[in-house]
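Asks: whatever this is, show me its structure:
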Amino acid sequence: MEDRHERENARRPATRGRGRRRGARRIAAAWAVLLVLVAGVAIGVFLVVRGITSKPTTPAKTPTAKSASSTADPYAAPDGTTPPVDTAAAEASTAGAVAVVPTGNAAAAAAVRFPNPPAIAPHSVSGLHPKHKYVAITLDDGVPFDTRILDMFEARGWTATTFLLGSMVTSQPKLVERLKADGFEIANHTWDHKTLTKLSDAQVRDELSRTQAAISKITGNQAPYMRPPGGGTNARVKSIAGSMGYNIVLWNKSFADTSGSATPQQCAANALKNLQPGDIILCHWGRPATYGAMQILLPELERRGYRVVTVSELVADSK
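Replies: Purely as a prediction, here's the structure:
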């Protein structure tokens, strides 16, 4: 009995030794698995970080330059107010717009001989569709004549078509010579502003021929345009004008500066409303509101990328 107990006691240390070794192997295996998992996670994180940092970077986009619009209008009229212009439309029309300087002298190329110019088919010129951002400001009458308006055109190197009265041409030849020297297109507006539709054929011819003789004495030729006073025309007047070498030039925008209640702001707003290339704008040389309106209009046209040209330049760019 004792021998059996002794044998069992002798076997127990060996059994405990084998159990400890098996437990140690299990622990070692668990640690090995854990180390593999940790290493795998570490490698995965490294690869993800490296993948992100090694991606080619996209250059930052440079914001497109927009036309600067000052909150204070630098083109305010003398009384400090500004016309109710459409600012959003102005900004849209300004984007990337550069006024192209006309090449050649379209007014000189369009001019015809005087006297006895070639007859043409009756035709009226109004709003056109030029390739560039051109508009024609047409100045009528010349009595009275505000030389400050001419100064503004000269300062910008801009020219226009002016429809002068024959009576003004004969009384102010020095002004007409200055207009010619500046490159203005000098056209016919009748002798004394009579409504042509109320005159006889002979009287219509006299109004135009007397005026053209006075203009041609200074310019040496005839601009192929005439503007009937008040826009009054009909088939008979057109036929007479065509037989004398004239196209009739009307307008699609007006300062409305002949009104006694007109203000510079209203006149400028009239010209700027829905402004489009090809517009022909009517105004006058010396009405009370005209100079103030020009102080607003001309810089605003520059800001929008427009250029003021003669009717001949507008027609030439529209072909």
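Asks: in the helix or strand harbouring L208, which residues are buried?
Replies: Per DSSP states H and E: L208 is located in helix 201-219. For helix 201-219, a neighbour-count test (16 or more other Cβ atoms under 10 Å) marks 204, 207-212, 214-216, 219 as buried. The C-beta positions use only the backbone N, C-alpha and C, and glycine is treated the same way.
Asks: in a markdown table: these, plus pLDDT and distance to M226.
Replies: What follows is the buried residues of helix 201-219, written out as a markdown table (pLDDT from 0 to 100; distance: Cβ to Cβ, whole Å):
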| residue | pLDDT | distance to M226 |
| --- | --- | --- |
| V204 | 98 | 10 |
| E207 | 98 | 9 |
| L208 | 98 | 6 |
| S209 | 98 | 11 |
| R210 | 98 | 13 |
| T211 | 98 | 8 |
| Q212 | 98 | 8 |
| A214 | 98 | 14 |
| I215 | 98 | 11 |
| S216 | 98 | 13 |
| T219 | 97 | 14 |
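Asks: what packs against the next helix or strand after the helix holding L208?
Replies: Sequence-wise, the next helix or strand downstream of helix 201-219 (DSSP H and E) is strand 225-226. If contacts are counted by 3 or more Cβ pairs under 8 Å, 6 or more residues apart in numbering; DSSP states H and E, strand 225-226 sits against strand 161-164, strand 185-188, strand 247-249.
Asks: tell me the mean pLDDT for the shortest one?
Replies: Average pLDDT, strand 247-249: 97.
Asks: for whichever helix or strand comes after that strand, name the packing helices and strands.
Replies: The helix or strand immediately downstream of strand 247-249 is strand 253-254, counting by DSSP H and E. Contacts defined by 3+ Cβ pairs under 8 Å, 6+ apart place strand 253-254 against helix 264-272, strand 280-284.
Asks: format the ones you listed as TSV; extra columns: mean neighbour count.
Replies: Below are the helices and strands packed on strand 253-254 laid out as TSV (neighbours: other Cβ atoms under 10 Å):
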stretch	mean neighbour count
helix 264-272	23
strand 280-284	23
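Asks: nearest to S167 among these would be which one?
Replies: S167 lies closest, by Cβ to Cβ, to one member of these: strand 280-284, at 14.9 Å.
Asks: packing partners of the closest one?
Replies: Using 3+ Cβ pairs under 8 Å, 6+ apart, strand 280-284 sits against strand 134-141, strand 253-254, helix 264-272, helix 290-303.
Asks: what is the orientation angle of that strand with strand 134-141?
Replies: Using axes from the mean of the first three to the mean of the last three Cα atoms, to 10 degrees, the direction of strand 280-284 lies 30 degrees away from that of strand 134-141.
Asks: who's in contact with strand 280-284?
Replies: For strand 280-284, the surrounding residues in contact (Cβ atoms under 8 Å, 6 or more residues apart in numbering) are 125-128, 135-141, 249-255, 257-258, 267, 271, 290, 293-294, 311, 314.
Asks: next, the angle from it to helix 290-303.
Replies: Going by the same axes, to 10 degrees, strand 280-284 makes 150 degrees with helix 290-303.
Asks: what's the angle between strand 280-284 and helix 264-272?
Replies: Using the same axes, to 10 degrees: strand 280-284 against helix 264-272 is 150 degrees.
Asks: tell me the strands beside strand 280-284, with direction?
Replies: Pairing partners of strand 280-284, with direction, according to DSSP bridges: strand 134-141 (parallel), strand 253-254 (parallel).
Asks: run a quick neighbour tally on the nearest residue to K198 once chain neighbours are set aside.
Replies: Among residues not flanking K198 along the chain, G232 sits closest, at 7.8 Å (Cβ to Cβ, 6 or more residues apart in numbering). G232: 13 surrounding residues under other Cβ atoms under 10 Å.
Asks: does G232 really touch L199, like I thought?
Replies: No. If you go by Cβ atoms under 8 Å, G232 and L199 don't touch, sitting 9.9 Å apart.
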